[in-house]
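Asks: Got a predicted structure here, sequence first:
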Amino acid sequence: MNLKLFLLTAALVVAASCATADYVRPPPRKALHFPWDAKASPDPTQVHISLAGPKHIRITWVTTDKHSPSTVEYGTSANNYTSKAEGETTSYTYLLYSSGKIHHTVIGPLEDNTIYFYRCGGQGPQFQLKTPPSQFPITFAVAGDLGQTEWTKSTLDHIDQCKYDVHLLPGDLSYADYMQKKWDTFGELVQPLASARPWMVTQGNHEKENIPLLKDSFVAYNSRWKMPYEESNSVSNLYYSFDVAGVHTVMLGSYTDYDESSDQYRWLKADLSKIDRESTPWILVLFHVPWYNTNEAHQGEGDKMMSAMEPLLYAAGVDVVFAGHVHAYERSKRVFNGKSDPCGAVHITIGDGGNREGLAHWYKKPHPDWSVFREASFGHGELKIVNSSHAFWSWHRNDDDEPVKSDQVWITSLSGSGCLAKKNYELRKMLLEP
């Protein structure tokens, strides 16, 4: 037993040595357990909100009562609802599991940077949300690979302490992994945060849940987490984009076709070509599988997607790329085509939200020039875009329940750097050609 303990301790020290020398990682934590409640009720559960086009919010919730209406009453004063919207419903079955009635209702137009009070289905508790600002500054909270463990709860508690406007999640939400009831418990777990600020998510491998000849991929994910794909002219909920306060954010799918003949590739070209960098000085991109990764875990898995799509991102002058999948944190310099490039994007892997599979401790040595900071610890990130030219990024290690700012950097937008003017003509042509 002592020998095993020694070897485990040595492994943790080696894994952390390239990032920080004085941090002792706390032990893993247990999965969360939720009480079973099968009683039918019209009261809303699993409430979360997302952006649904300019000045509109989509409110999603689940009821076990199949006759509950898809109405949302809302207003700017508590218990004084001056507007009402009617939405749509869906449901799904998965082997022996039948989902509740899933409601999606879009409300608006809404005022920017304003608190609204709302009630779902005409009864039940009152919720409140805050709409994002229409101009800088704006803050994004970022955490991927969440799951439902005690570490997840710690990460969510830390995010709840920061002042943010939109949550970005680059895949792997519930870790239900075919056990559909875990989608319900995940919805309950995140409701306190997800009902108050927009959660913008993309899919990871744990959302696939396909069973050959029986079930298609992403049935639960697409039913429960509807994103603004139609509002951004996409044909799939697996990739879409949205604009908020001078920031264009693109959510891509690592687990749907992305080669040059794919719908996603064509959509991405069209989406990026429409961006006006005068009015939209920042571009963010999220997907699940990282392209720049020095961790031993998941090496090379993003190479094909990177080969197909990185030139498009480079031509458009994307500022920051967020990914998950690897259960650790890593930040790069601006990089393109495998090398440091002042006109490339900063790549950040942040798959450390609290998943049940644990951390990815081992990193490749020596680390390449473009890798600035890397550490296998649970945490979350915050991107505060201060103005059209500068943003402040910080990564907050959970650190045994105490929020610690462990990595931080100022990032300058490429929109004013001269990089866009210097882009190779062929790269710019790539975005504009049919």
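Replies: Perfect, I can see it now.

Asks: so the residue nearest in space to the middle of the chain bridges to which residues?
Replies: The chain has residue 169 as the residue nearest its centroid, 1.2 Å off, counting by C-alpha atoms, centre = their mean. Beta-bridge pairing for residue 169 (DSSP bridges): residue 201.

Asks: Distance check, it against residue 336.
Replies: Residue 169 is 25 Å from residue 336, where distance means C-beta to C-beta, to the nearest Å. To be clear about C-beta, it is placed using only N, CA and C from the backbone, and glycine gets the same treatment.

Asks: circling back: pretty sure the residue nearest to the centre of the chain sits against residue 204.
Replies: No: counting by C-beta atoms under 8 Å, residue 169 sits too far from residue 204 to count as a contact (9.1 Å).

Asks: which residues are common contacts for these two?
Replies: Common neighbours of residue 169 and residue 204, using C-beta atoms under 8 Å, 6 or more residues apart in numbering, are residue 144.

Asks: Roughly how far does residue 198 sit from residue 164?
Replies: Distance from residue 198 to residue 164, by C-beta to C-beta: 10 Å.

Asks: do the same with residue 186
Replies: Between residue 186 and residue 164 the computed distance is 20 Å (C-beta to C-beta).

Asks: go on, residue 41?
Replies: 31 Å.

Asks: With neighbour numbers in mind, choose between these two.
Replies: residue 164 (22 against 14; other C-beta atoms under 10 Å).

Asks: who's in contact with residue 55?
Replies: Counting by C-beta under 8 Å, 6+ apart, residue 55 has contacts 108-112, 131.

Asks: Mind picking the two most distant members of the residues you listed?
Replies: 108 and 112 (11.1 Å; C-beta to C-beta).

Asks: Comparing these two, which residue is more hemmed in?
Replies: The residue with more neighbours, out of residue 108 and residue 112, is residue 108; 17 against 13, by other C-beta under 10 Å.

Asks: Count the neighbours of the spatially closest residue to that one that is not a sequence neighbour for me.
Replies: Nearest non-adjacent residue to residue 108, counting by C-beta to C-beta, 6 or more residues apart in numbering: residue 56, 3.5 Å away. For residue 56, the neighbour count with other C-beta under 10 Å is 17.

Asks: From residue 50, how far out is residue 56?
Replies: In terms of C-beta to C-beta, residue 56 sits 10 Å off from residue 50.

Asks: just residue 150 next, same as before
Replies: 27 Å.

Asks: which of those two has more neighbours?
Replies: More neighbours surround residue 50 than the other of residue 150 and residue 50, with 24 against 14 (other C-beta under 10 Å).

Asks: Helix, strand, or coil at that one?
Replies: Of the three states, residue 50 takes strand under DSSP: H, G, I helix; E, B strand; the rest coil.

Asks: who does it bridge with?
Replies: The partner residues for residue 50, given DSSP bridges, come to residue 58.

Asks: pLDDT weak spots in the stretch 251-400 of the chain?
Replies: Scanning the stretch 251-400 of the chain with the threshold set as pLDDT under 70 gives 400.

Asks: Tell me where it has strands.
Replies: 282-286, 320-323, 329-336, 339-340, 345-350, 371-375, 379-385, 390-397 (DSSP state E, counting those that start in this stretch).

Asks: and the angle from the first one to strand 390-397?
Replies: Here the directions of strand 282-286 and strand 390-397 differ by 30 degrees (axes from the mean of the first three to the mean of the last three C-alpha atoms, to 10 degrees).

Asks: got a list of contacts for strand 282-286?
Replies: By C-beta under 8 Å, 6+ apart, the residues outside strand 282-286 that reach it are 140, 168, 170, 202, 246-252, 272, 275, 313, 316-323, 345, 383, 385, 388, 391, 413, 415.

Asks: May I have stretch 316-332 as CSV, with CA atoms only?
Replies: What follows is stretch 316-332, C-alpha atoms only, in CSV (Å, rounded to 0.1, in the frame of the first residue of the first chain):
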residue,chain,number,x,y,z
ALA,A,316,-11.0,35.2,-40.8
GLY,A,317,-8.7,36.3,-38.0
VAL,A,318,-10.2,34.3,-35.2
ASP,A,319,-8.9,35.6,-31.8
VAL,A,320,-9.5,32.7,-29.3
VAL,A,321,-10.4,29.0,-29.7
PHE,A,322,-11.8,27.0,-26.8
ALA,A,323,-11.9,23.2,-26.6
GLY,A,324,-12.5,20.5,-24.1
HIS,A,325,-12.1,16.7,-24.2
VAL,A,326,-8.7,16.6,-22.5
HIS,A,327,-9.4,16.7,-18.8
ALA,A,328,-6.8,19.4,-18.0
TYR,A,329,-6.0,23.0,-18.8
GLU,A,330,-3.7,24.4,-21.4
ARG,A,331,-3.1,27.8,-23.1
SER,A,332,-1.1,28.5,-26.2
